[in-house]
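J.: Show me how the following folds:
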Amino acid sequence: MNNQIRVGFIGAGANTRSRHLPGFQEIDDVVCSMVCNRSRESSEKVAKEFNIPRIAETWQDVVNDPGIDAICIGTWPYLHAKITNAALAANKHVLTEARMARNLAEAESMLVASQAKPNLVAQIVPGPMTFEFDATITEFISNGDIGELRELYVTDTGCQFALSDSPITWRQNLELSGRNIMSMGIYHEIIHRWINEEPVWVIADAEIFTTERDDVEKKEKVSVNIPDCISILGRYMSGARMIYQFSGIESGQSRAEIRLNGSKASLRLDLKESALYRADSGSEEEERIEIPSDKRGSWQVEADFIDSIRNGTAVKLTNFELGLIYMRFTNAVYKSWSSQSEKITL
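T.: Numbering: from 1, shown residues only. As a prediction, the model looks like this:
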(Lines give C-alpha, C1' and ligand atoms only; values in the text may rest on other atoms or scores of the structure.)
Protein backbone atom coordinates (compact mmCIF):
# COMPACT_ATOMS: atom_id res chain seq x y z
CA MET A 1 0.00 0.00 0.00
CA ASN A 2 1.35 3.42 -1.00
CA ASN A 3 1.23 5.68 2.06
CA GLN A 4 2.94 8.59 0.35
CA ILE A 5 1.25 11.98 0.57
CA ARG A 6 2.17 14.58 -2.04
CA VAL A 7 1.69 18.19 -0.94
CA GLY A 8 1.31 21.20 -3.23
CA PHE A 9 2.05 24.69 -1.89
CA ILE A 10 0.18 27.81 -2.94
CA GLY A 11 1.89 30.86 -1.49
CA ALA A 12 5.33 30.54 0.08
CA GLY A 13 5.70 33.44 2.45
CA ALA A 14 7.67 33.59 5.68
CA ASN A 15 5.53 31.13 7.66
CA THR A 16 5.45 28.58 4.84
CA ARG A 17 9.22 28.71 4.46
CA SER A 18 10.02 28.72 8.17
CA ARG A 19 7.32 26.32 9.38
CA HIS A 20 5.33 24.38 6.80
CA LEU A 21 7.94 23.31 4.28
CA PRO A 22 10.48 22.15 6.90
CA GLY A 23 7.67 20.57 8.91
CA PHE A 24 6.37 18.48 6.05
CA GLN A 25 9.86 17.51 4.96
CA GLU A 26 10.53 16.00 8.37
CA ILE A 27 7.64 13.52 8.01
CA ASP A 28 8.23 10.12 6.43
CA ASP A 29 6.61 9.53 3.04
CA VAL A 30 5.45 13.14 2.69
CA VAL A 31 6.70 14.78 -0.51
CA CYS A 32 6.67 18.52 -1.16
CA SER A 33 5.81 18.12 -4.82
CA MET A 34 4.85 21.49 -6.29
CA VAL A 35 4.88 25.19 -5.44
CA CYS A 36 3.18 28.27 -6.85
CA ASN A 37 4.20 31.63 -5.42
CA ARG A 38 3.32 35.17 -6.53
CA SER A 39 5.75 35.09 -9.47
CA ARG A 40 7.59 32.47 -11.46
CA GLU A 41 10.86 33.86 -10.19
CA SER A 42 9.87 33.55 -6.53
CA SER A 43 8.43 30.07 -7.17
CA GLU A 44 11.73 28.96 -8.68
CA LYS A 45 13.64 30.41 -5.73
CA VAL A 46 11.54 28.50 -3.19
CA ALA A 47 11.69 25.31 -5.27
CA LYS A 48 15.46 25.49 -5.36
CA GLU A 49 15.78 26.22 -1.64
CA PHE A 50 13.57 23.31 -0.60
CA ASN A 51 14.26 20.87 -3.47
CA ILE A 52 10.70 20.98 -4.74
CA PRO A 53 10.65 19.27 -8.15
CA ARG A 54 7.89 21.27 -9.85
CA ILE A 55 6.56 24.82 -9.98
CA ALA A 56 3.18 25.98 -11.25
CA GLU A 57 2.19 29.12 -13.11
CA THR A 58 -1.19 29.46 -11.35
CA TRP A 59 -2.75 28.19 -8.18
CA GLN A 60 -5.38 26.41 -10.27
CA ASP A 61 -2.61 24.28 -11.76
CA VAL A 62 -1.69 23.04 -8.28
CA VAL A 63 -5.29 22.37 -7.26
CA ASN A 64 -6.10 20.44 -10.45
CA ASP A 65 -2.88 18.45 -10.65
CA PRO A 66 -3.65 14.70 -10.34
CA GLY A 67 -0.28 14.15 -8.68
CA ILE A 68 -1.20 16.26 -5.64
CA ASP A 69 -3.02 14.82 -2.61
CA ALA A 70 -3.07 17.83 -0.28
CA ILE A 71 -2.83 21.60 -0.57
CA CYS A 72 -1.03 23.92 1.82
CA ILE A 73 -2.33 27.48 1.38
CA GLY A 74 0.14 30.15 2.47
CA THR A 75 -1.43 33.15 0.75
CA TRP A 76 -2.97 36.23 2.30
CA PRO A 77 -6.64 35.79 3.37
CA TYR A 78 -8.06 37.08 0.06
CA LEU A 79 -7.46 33.71 -1.59
CA HIS A 80 -8.17 31.34 1.28
CA ALA A 81 -11.84 30.67 0.48
CA LYS A 82 -11.37 30.52 -3.27
CA ILE A 83 -8.48 28.04 -3.13
CA THR A 84 -9.96 25.98 -0.29
CA ASN A 85 -13.30 25.50 -2.01
CA ALA A 86 -11.64 24.60 -5.32
CA ALA A 87 -9.23 22.19 -3.62
CA LEU A 88 -11.97 20.37 -1.74
CA ALA A 89 -14.02 20.14 -4.94
CA ALA A 90 -10.94 18.56 -6.55
CA ASN A 91 -10.76 16.03 -3.69
CA LYS A 92 -7.64 17.50 -2.09
CA HIS A 93 -7.03 17.79 1.65
CA VAL A 94 -6.51 21.39 2.78
CA LEU A 95 -4.28 23.11 5.32
CA THR A 96 -4.86 26.85 5.10
CA GLU A 97 -2.97 29.65 6.81
CA ALA A 98 -4.88 31.75 9.33
CA ARG A 99 -6.95 33.94 9.30
CA MET A 100 -9.65 31.64 7.90
CA ALA A 101 -10.96 34.11 5.32
CA ARG A 102 -11.57 37.79 4.67
CA ASN A 103 -15.08 37.81 6.08
CA LEU A 104 -17.86 35.69 7.53
CA ALA A 105 -19.51 34.89 4.19
CA GLU A 106 -16.29 33.46 2.78
CA ALA A 107 -15.70 31.45 5.96
CA GLU A 108 -19.22 30.04 5.79
CA SER A 109 -18.63 28.93 2.20
CA MET A 110 -15.47 27.10 3.32
CA LEU A 111 -17.32 25.25 6.06
CA VAL A 112 -20.05 24.21 3.63
CA ALA A 113 -17.43 22.97 1.16
CA SER A 114 -15.69 20.94 3.87
CA GLN A 115 -18.96 19.43 5.09
CA ALA A 116 -19.70 18.30 1.54
CA LYS A 117 -16.43 16.30 1.60
CA PRO A 118 -16.29 14.71 5.07
CA ASN A 119 -13.63 12.26 3.89
CA LEU A 120 -11.18 15.13 3.36
CA VAL A 121 -9.19 16.92 6.06
CA ALA A 122 -9.79 20.67 6.30
CA GLN A 123 -7.54 22.43 8.81
CA ILE A 124 -6.57 26.02 9.64
CA VAL A 125 -3.14 26.88 10.98
CA PRO A 126 -3.75 27.73 14.66
CA GLY A 127 -2.52 30.73 16.60
CA PRO A 128 0.73 29.38 18.09
CA MET A 129 1.82 31.90 20.72
CA THR A 130 0.33 30.04 23.70
CA PHE A 131 0.96 26.38 22.84
CA GLU A 132 3.29 26.00 25.81
CA PHE A 133 0.64 27.27 28.24
CA ASP A 134 -2.72 26.16 26.78
CA ALA A 135 -3.13 22.92 28.74
CA THR A 136 -2.14 24.51 32.06
CA ILE A 137 -4.37 27.57 31.69
CA THR A 138 -7.32 25.44 30.58
CA GLU A 139 -6.83 23.23 33.64
CA PHE A 140 -6.64 26.22 36.01
CA ILE A 141 -9.96 27.47 34.63
CA SER A 142 -11.79 24.13 34.43
CA ASN A 143 -10.79 22.89 37.90
CA GLY A 144 -11.93 26.12 39.54
CA ASP A 145 -8.48 27.24 40.68
CA ILE A 146 -9.18 30.88 39.77
CA GLY A 147 -12.82 30.63 40.79
CA GLU A 148 -15.52 32.34 38.78
CA LEU A 149 -14.09 34.22 35.79
CA ARG A 150 -14.83 37.92 36.19
CA GLU A 151 -12.61 39.74 33.69
CA LEU A 152 -10.58 38.80 30.64
CA TYR A 153 -8.03 41.30 29.32
CA VAL A 154 -6.04 41.03 26.08
CA THR A 155 -3.43 43.67 25.26
CA ASP A 156 -1.27 43.64 22.13
CA THR A 157 0.49 46.80 21.00
CA GLY A 158 3.32 47.93 18.75
CA CYS A 159 4.43 50.83 16.58
CA GLN A 160 4.06 49.29 13.10
CA PHE A 161 1.52 51.95 12.00
CA ALA A 162 2.90 54.90 13.98
CA LEU A 163 4.70 56.57 11.06
CA SER A 164 2.31 58.19 8.60
CA ASP A 165 4.81 57.98 5.75
CA SER A 166 5.20 54.20 5.98
CA PRO A 167 3.74 52.35 2.97
CA ILE A 168 0.57 50.32 3.32
CA THR A 169 0.98 46.65 4.24
CA TRP A 170 -1.29 43.79 3.22
CA ARG A 171 -2.64 43.69 6.79
CA GLN A 172 -4.06 47.21 6.26
CA ASN A 173 -5.58 46.33 2.90
CA LEU A 174 -9.28 45.41 3.11
CA GLU A 175 -9.13 43.64 -0.26
CA LEU A 176 -6.25 41.38 0.82
CA SER A 177 -6.86 40.93 4.54
CA GLY A 178 -10.59 41.53 4.85
CA ARG A 179 -12.08 42.31 8.24
CA ASN A 180 -9.15 40.83 10.15
CA ILE A 181 -7.83 43.65 12.33
CA MET A 182 -4.22 43.19 13.46
CA SER A 183 -3.89 40.12 15.71
CA MET A 184 -7.45 40.23 17.05
CA GLY A 185 -8.56 36.95 15.46
CA ILE A 186 -5.51 35.03 16.66
CA TYR A 187 -6.04 36.04 20.27
CA HIS A 188 -9.76 35.37 20.15
CA GLU A 189 -9.16 31.87 18.80
CA ILE A 190 -6.77 31.24 21.71
CA ILE A 191 -9.22 32.55 24.31
CA HIS A 192 -11.91 30.25 22.93
CA ARG A 193 -9.56 27.26 23.41
CA TRP A 194 -9.39 28.08 27.11
CA ILE A 195 -13.00 28.88 28.00
CA ASN A 196 -15.00 27.35 25.12
CA GLU A 197 -17.50 30.19 25.24
CA GLU A 198 -18.29 33.24 23.13
CA PRO A 199 -19.36 36.70 24.30
CA VAL A 200 -23.05 37.42 23.86
CA TRP A 201 -22.36 40.96 22.61
CA VAL A 202 -19.49 43.23 21.61
CA ILE A 203 -18.88 46.96 21.28
CA ALA A 204 -15.87 48.22 19.31
CA ASP A 205 -14.24 51.62 18.99
CA ALA A 206 -11.39 52.13 16.54
CA GLU A 207 -9.54 54.76 14.56
CA ILE A 208 -7.59 55.13 11.33
CA PHE A 209 -5.20 58.00 11.93
CA THR A 210 -3.40 57.74 8.60
CA THR A 211 -6.20 57.43 6.07
CA GLU A 212 -3.95 57.18 2.99
CA ARG A 213 -0.64 55.45 2.47
CA ASP A 214 1.68 54.73 -0.43
CA ASP A 215 1.12 51.43 -2.23
CA VAL A 216 4.57 50.33 -3.36
CA GLU A 217 3.28 47.98 -6.06
CA LYS A 218 0.67 50.35 -7.48
CA LYS A 219 2.98 53.36 -7.05
CA GLU A 220 0.14 55.53 -5.83
CA LYS A 221 -1.68 56.64 -2.69
CA VAL A 222 -4.44 54.27 -1.55
CA SER A 223 -7.06 54.45 1.18
CA VAL A 224 -6.51 52.63 4.45
CA ASN A 225 -9.66 50.82 5.59
CA ILE A 226 -8.41 48.78 8.54
CA PRO A 227 -7.93 50.50 11.94
CA ASP A 228 -4.58 51.54 13.36
CA CYS A 229 -5.93 50.69 16.80
CA ILE A 230 -9.09 49.20 18.29
CA SER A 231 -10.69 48.64 21.69
CA ILE A 232 -13.33 45.93 22.13
CA LEU A 233 -15.67 45.44 25.05
CA GLY A 234 -17.78 42.31 25.44
CA ARG A 235 -19.77 40.33 27.97
CA TYR A 236 -20.12 36.58 28.45
CA MET A 237 -23.32 34.81 29.49
CA SER A 238 -21.71 34.14 32.87
CA GLY A 239 -21.34 37.90 33.42
CA ALA A 240 -17.58 37.95 32.85
CA ARG A 241 -16.28 41.08 31.11
CA MET A 242 -14.09 40.90 27.99
CA ILE A 243 -11.69 43.78 27.23
CA TYR A 244 -9.40 43.71 24.19
CA GLN A 245 -6.91 46.42 23.24
CA PHE A 246 -4.91 46.30 20.00
CA SER A 247 -2.74 49.16 18.78
CA GLY A 248 -0.25 49.69 16.00
CA ILE A 249 0.59 53.25 17.06
CA GLU A 250 2.18 52.63 20.47
CA SER A 251 5.86 53.54 20.27
CA GLY A 252 8.35 52.45 22.86
CA GLN A 253 8.11 49.04 24.49
CA SER A 254 5.46 46.88 22.85
CA ARG A 255 3.03 44.87 25.01
CA ALA A 256 1.57 41.38 24.63
CA GLU A 257 -0.35 40.15 27.65
CA ILE A 258 -3.46 38.20 28.62
CA ARG A 259 -5.02 38.50 32.08
CA LEU A 260 -7.75 36.30 33.54
CA ASN A 261 -9.22 37.72 36.76
CA GLY A 262 -11.26 35.28 38.82
CA SER A 263 -13.00 35.33 42.20
CA LYS A 264 -10.19 33.22 43.76
CA ALA A 265 -7.11 34.14 41.76
CA SER A 266 -5.74 35.91 38.68
CA LEU A 267 -3.58 34.56 35.86
CA ARG A 268 -1.25 36.75 33.82
CA LEU A 269 0.36 35.42 30.66
CA ASP A 270 3.25 37.65 29.58
CA LEU A 271 3.87 36.74 25.96
CA LYS A 272 6.85 39.06 25.67
CA GLU A 273 8.55 37.23 28.52
CA SER A 274 6.92 33.86 27.68
CA ALA A 275 5.91 33.38 31.30
CA LEU A 276 2.71 32.56 33.21
CA TYR A 277 2.00 34.06 36.64
CA ARG A 278 -0.68 33.44 39.28
CA ALA A 279 -1.78 35.67 42.17
CA ASP A 280 -4.32 34.94 44.90
CA SER A 281 -7.33 37.23 45.00
CA GLY A 282 -6.48 40.41 46.91
CA SER A 283 -2.72 39.83 46.77
CA GLU A 284 -0.16 41.96 44.96
CA GLU A 285 2.36 39.09 44.95
CA GLU A 286 2.66 36.86 41.89
CA GLU A 287 4.19 33.42 41.58
CA ARG A 288 5.60 32.17 38.32
CA ILE A 289 4.02 28.92 37.18
CA GLU A 290 6.49 26.36 35.92
CA ILE A 291 4.95 24.33 33.10
CA PRO A 292 5.60 20.56 33.40
CA SER A 293 7.16 19.09 30.27
CA ASP A 294 4.22 16.72 29.75
CA LYS A 295 1.81 19.70 29.60
CA ARG A 296 4.00 21.94 27.46
CA GLY A 297 2.57 22.04 23.96
CA SER A 298 4.60 22.81 20.86
CA TRP A 299 4.27 23.41 17.12
CA GLN A 300 3.16 20.22 15.35
CA VAL A 301 0.75 21.60 12.78
CA GLU A 302 2.09 19.65 9.81
CA ALA A 303 2.34 16.40 11.77
CA ASP A 304 -1.24 16.79 13.00
CA PHE A 305 -2.47 17.45 9.46
CA ILE A 306 -0.79 14.33 8.09
CA ASP A 307 -1.99 12.27 11.06
CA SER A 308 -5.57 13.33 10.31
CA ILE A 309 -5.16 12.30 6.67
CA ARG A 310 -3.59 8.93 7.43
CA ASN A 311 -5.41 7.92 10.59
CA GLY A 312 -8.63 9.90 10.56
CA THR A 313 -7.69 11.79 13.72
CA ALA A 314 -10.13 14.64 14.29
CA VAL A 315 -8.75 18.12 13.68
CA LYS A 316 -8.58 20.14 16.90
CA LEU A 317 -6.17 22.96 16.06
CA THR A 318 -7.93 24.34 14.17
CA ASN A 319 -11.02 22.95 12.44
CA PHE A 320 -13.34 24.97 10.23
CA GLU A 321 -16.09 25.02 12.87
CA LEU A 322 -13.80 26.87 15.28
CA GLY A 323 -12.57 29.07 12.45
CA LEU A 324 -16.16 30.10 11.77
CA ILE A 325 -16.58 31.01 15.46
CA TYR A 326 -13.72 33.50 15.41
CA MET A 327 -14.80 34.82 12.01
CA ARG A 328 -18.27 35.45 13.46
CA PHE A 329 -16.61 37.42 16.26
CA THR A 330 -14.44 39.32 13.74
CA ASN A 331 -17.56 40.19 11.75
CA ALA A 332 -19.39 41.47 14.83
CA VAL A 333 -16.44 43.64 15.86
CA TYR A 334 -16.11 45.14 12.39
CA LYS A 335 -19.85 45.75 12.24
CA SER A 336 -19.83 47.53 15.61
CA TRP A 337 -16.93 49.77 14.65
CA SER A 338 -18.52 50.56 11.28
CA SER A 339 -21.79 51.44 13.02
CA GLN A 340 -20.38 54.05 15.39
CA SER A 341 -19.79 51.54 18.20
CA GLU A 342 -23.23 49.97 18.12
CA LYS A 343 -23.67 47.01 20.48
CA ILE A 344 -23.73 43.89 18.29
CA THR A 345 -25.23 40.62 19.50
CA LEU A 346 -23.44 37.48 18.45
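
J.: Going by C-alpha atoms from here, please, whenever you check contacts or count neighbours.
T.: Noted.

J.: all helices for the stretch 1-150 of the chain, in order.
T.: Taking DSSP state H, counting those that start in this stretch as the criterion, the stretch 1-150 of the chain contains helices spanning 14-15, 21-25, 40-50, 59-63, 80-89, 104-115, 131-142.

J.: could those helices be laid out in CSV, adding mean neighbour count, distance to residue 301 and mean pLDDT?
T.: Converted to CSV, the helices of the stretch 1-150 of the chain look like this (neighbours: other Cα atoms under 10 Å; distance: least, Cα to Cα, whole Å; pLDDT from 0 to 100):
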stretch, mean neighbour count, distance to residue 301, mean pLDDT
helix 14-15, 11, 12, 94
helix 21-25, 18, 8, 98
helix 40-50, 16, 19, 97
helix 59-63, 20, 21, 98
helix 80-89, 21, 17, 98
helix 104-115, 20, 19, 98
helix 131-142, 18, 11, 98
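
J.: list the contacts for the residue lying closest to residue 89 once chain neighbours are set aside?
T.: Once flanking residues are discounted, residue 89 sits nearest to residue 113: 7.5 Å by Cα to Cα, 6 or more residues apart in numbering. By Cα atoms under 8 Å, 6 or more residues apart in numbering, the contact set of residue 113 is 85, 88-89.

J.: A helix includes residue 166, no?
T.: No - counting by DSSP: H, G, I helix; E, B strand; the rest coil, residue 166 is not part of a helix but coil.

J.: Enumerate every residue touching it.
T.: By Cα under 8 Å, 6+ apart, the neighbours of residue 166 are 213-214.

J.: distance of it from residue 159?
T.: According to Cα to Cα, to the nearest Å, residue 166 and residue 159 sit 11 Å apart.

J.: rewinding a little: go through the helices of the stretch 1-150 of the chain and name the closest to residue 176.
T.: Ranking the helices of the stretch 1-150 of the chain by their distance to residue 176 (criterion: Cα to Cα) puts helix 80-89 first, at 10.2 Å.

J.: ok, residue 31 - contacts?
T.: Contact analysis of residue 31 by Cα under 8 Å, 6+ apart lists 4-7, 24-25.

J.: Now do the same for it: its pLDDT.
T.: Residue 31 is assigned 98 on the pLDDT scale.

J.: which residues does it bridge with?
T.: Here residue 31 sits in beta bridges with residue 6, going by DSSP bridges.

J.: how close does it sit to residue 24?
T.: For residue 31, the distance to residue 24 - Cα to Cα - is 8 Å.

J.: Quick one: neighbours of the residue nearest to residue 121 when sequence neighbours are not counted, just the number.
T.: Distance criterion Cα to Cα, 6+ apart; nearest residue to residue 121, sequence neighbours excluded, is residue 93 at 5.0 Å. Residues contacting residue 93 under the criterion other Cα atoms under 10 Å number 27.

J.: Equivalent analysis for residue 177, please.
T.: 22.

J.: Likewise for the one 3 residues further on?
T.: When neighbours are defined as other Cα under 10 Å, residue 180 has 27 of them.

J.: now do residue 299
T.: 15.

J.: Distance of it relative to residue 9?
T.: For residue 299, the distance to residue 9 - Cα to Cα - is 19 Å.

J.: likewise residue 63?
T.: 9 Å.

J.: so who does the residue lying closest to residue 68 once chain neighbours are set aside touch?
T.: Of all residues not flanking residue 68 in the chain, residue 6 sits nearest, at 5.2 Å (Cα to Cα, 6+ apart). Applying Cα under 8 Å, 6+ apart to residue 6 gives the contacts 30-33, 67-70.

J.: Residue 141 now?
T.: Contacts of residue 141 by Cα under 8 Å, 6+ apart are 147, 149, 194-195.

J.: how near is it to residue 14?
T.: Separation of residue 141 from residue 14 (Cα to Cα) stands at 34 Å.

J.: Run through the stretch 101-250 of the chain and note the low-pLDDT ranges.
T.: Judged by pLDDT under 70, the stretch 101-250 of the chain has no weakly predicted residues.

J.: At which residues are the strands of it located?
T.: With DSSP state E, counting those that start in this stretch as the criterion, the stretch 101-250 of the chain has strands at 122-124, 149-157, 201-207, 212-215, 220-223, 229-235, 241-247.

J.: Show me what the fifth one is in contact with.
T.: Outside strand 220-223, the residues within contact range by Cα under 8 Å, 6+ apart are 211-215.
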